[in-house]
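Enquirer: could you look at this predicted model? Sequence included:
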Amino acid sequence: MAYAIFAAQPGGTEVLERRDIDPPLPGSGEVLIRHTAIGVNFIDVYFRTGAYPWPVERDLVLGSEGAGVVEAVGPDVTGVSPGDRVAYTVPNGAYASHRIVPAAMLVPLPDNVQDEQAAGAMLKGLTVHYLIHHSYAVQPGDTVLVHAAAGGVGQIAGQWLRAKGVRAIGTAGGAEKCALARDNGYDAVIDYSSGDWVEEVKALTDGKGVAAVYDGVGKDTILGSVAVLRRFGSLVSFGQASGAPDQFRISHLASGSLRLTRPTLFHHTASREWLTGAAADLFAVIAEGRVKIDTGTPSPLADVAEVHAALEGRKTTGSAILIP
């Protein structure tokens with residue numbers, strides 16, 4: 001029996017409820033996928049809690065990335081057939097055994113990339129792609145700072161930056177997470193729970209600061225991120241795991257003629273050309289072993305509430321995966 005995890009209204013993990021469904025039928029330009037692996041991301045928490053506006057009045061199915069097998073295609077679909085292995089990142093709808101996805105949002109999975117790798121890498125890996133190629137395009141020899149370096153985005157970023165010849169400094173909470181981040185490409189990792197990470201970044205850069213800060217934490221880090229930027233540096237604010245950075249003001253940028261951007265992945269993936277090119281880049285570095293995707297021990301889809309609780313408590317590392 002096909003099933004999905006619904007949230008009847010914004011709230012805590014208790015709003016997540018399993019319900020049986022009939023597999024939907026694909027319409028024009030659509031594809032029916034049977035999921036083999038589903039990724040979990042902090043954006044799912046933002047939607048569940050209502051921090052991000054709900055796209056429906058009630059009964060929202062969360063989840064924004066997955067991998068699986070095509071079971072049926074609708075009219076006017078070309079380039080994809082039943083039996084194909086595919087992956088995608090689309091806002092909401094992934095916490096289900098079966099789902100409809102627009103064909104234009106699917107990318108084919110190469111044989112040398114596993115389903116769980118793809119499900120753990122589509123949203124996070126493509127996020128890293130736009131961060132380091134577009135939001136602030138790194139150059140060999142740059143020094144940058146990445147917050148939450150032991151998380152899913154952080155681990156991929158550290159490895160990819162190292163492959164590009166970039167010196168990456170990371171922050172993480174606790175000795176175990178710091179060690180994990182160092183194993184994933186970071187030149188130095190600062191435990192923000194045991195000292196003044198701003199002063200440590202300044203010391204590591206001889207007081208010059210970093211070329212860019214990739215900040216997905218938000219409220220707890222945003223002003224420190226500004227403080228460690230070099231003159232003309234770039235602040236890339238792409239998330240708010242600790243809350244909205246509402247204390248930040250445009251005038252803070254005047255401290256060093258700084259640049260600010262607040263990018264969103266789905267503005268990038270709206271371009272089919274960007275999506276296919278970035279996914280090909282991502283799958284290539286995975287297949288070559290330059291970027292390894294830590295999927296840990298996957299959890300049953302029915303246990304997604306427990307996974308959300310662990311994610312909110314910052315108890316997870318790498319990419320959390322659900323199996324229907």
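Expert: Yep, that arrived. Numbers count the residues shown, from 1 in each chain.

Enquirer: ok, the residue nearest to the spatial centre of the chain - contacts?
Expert: For the chain, K124 is the residue whose C-alpha lies nearest the centre (Cα atoms, centre = their mean; 2.8 Å). For K124, the contacting residues are G39, N41, E65, G152, V153, I156, S319, by Cβ atoms under 8 Å, 6 or more residues apart in numbering. Where C-beta positions appear, they are placed from N, C-alpha and C, glycine not excepted.

Enquirer: same thing but at 6 Å, please
Expert: Each residue near K124 by Cβ atoms under 6 Å, 6 or more residues apart in numbering is listed here: G152, V153, I156.

Enquirer: also E116?
Expert: So E116 contacts A37, T295, I321 (Cβ under 6 Å, 6+ apart).

Enquirer: now, those that are in strands?
Expert: With strands taken from DSSP state E, the overlap with these comprises A37, I321.

Enquirer: and which of the contacts of E116 is nearest E30?
Expert: A37 (20.7 Å; Cβ to Cβ).

Enquirer: closest to P108 among the contacts of K124?
Expert: For the contacts of K124, the nearest to P108 is I156 (20.4 Å; Cβ to Cβ).

Enquirer: tell me the confidence at that closest one?
Expert: The model reports I156 with a pLDDT of 96.

Enquirer: other SSEs contacting the helix or strand harbouring it?
Expert: Per DSSP states H and E, I156 falls inside helix 152-163. Helices and strands touching helix 152-163, by 3 or more Cβ pairs under 6 Å, 6 or more residues apart in numbering; DSSP states H and E, are helix 115-130.

Enquirer: name every strand pairing with the very next helix or strand once past the helix it packs on and say which way it goes.
Expert: Per DSSP H and E, the first helix or strand lying C-terminal to helix 115-130 is strand 143-146. Strand pairing for strand 143-146, using DSSP bridges, gives strand 167-172 (parallel), strand 210-215 (parallel).

Enquirer: ok, how many other residues are close to the nearest residue to G216 once chain neighbours are set aside?
Expert: Among residues not flanking G216 along the chain, G239 sits closest, at 3.3 Å (Cβ to Cβ, 6 or more residues apart in numbering). Counted with other Cβ atoms under 10 Å, the neighbours of G239 add up to 22.

Enquirer: my guess is G239 contacts K219. True?
Expert: No - using Cβ atoms under 6 Å, G239 is not in contact with K219, being 10.8 Å away.

Enquirer: need the three-state assignment for V198.
Expert: The local conformation at V198, judged by DSSP: H, G, I helix; E, B strand; the rest coil, is helix.

Enquirer: would you confirm that it contacts A227?
Expert: Yes - between V198 and A227 a contact is recorded at 5.2 Å, counting by Cβ under 6 Å.

Enquirer: and the strands in the stretch 201-324 of the chain, which stretches?
Expert: Assigned by DSSP state E, counting those that start in this stretch, the strands in the stretch 201-324 of the chain fall at 210-215, 229-237, 259-261, 299-300, 320-323.
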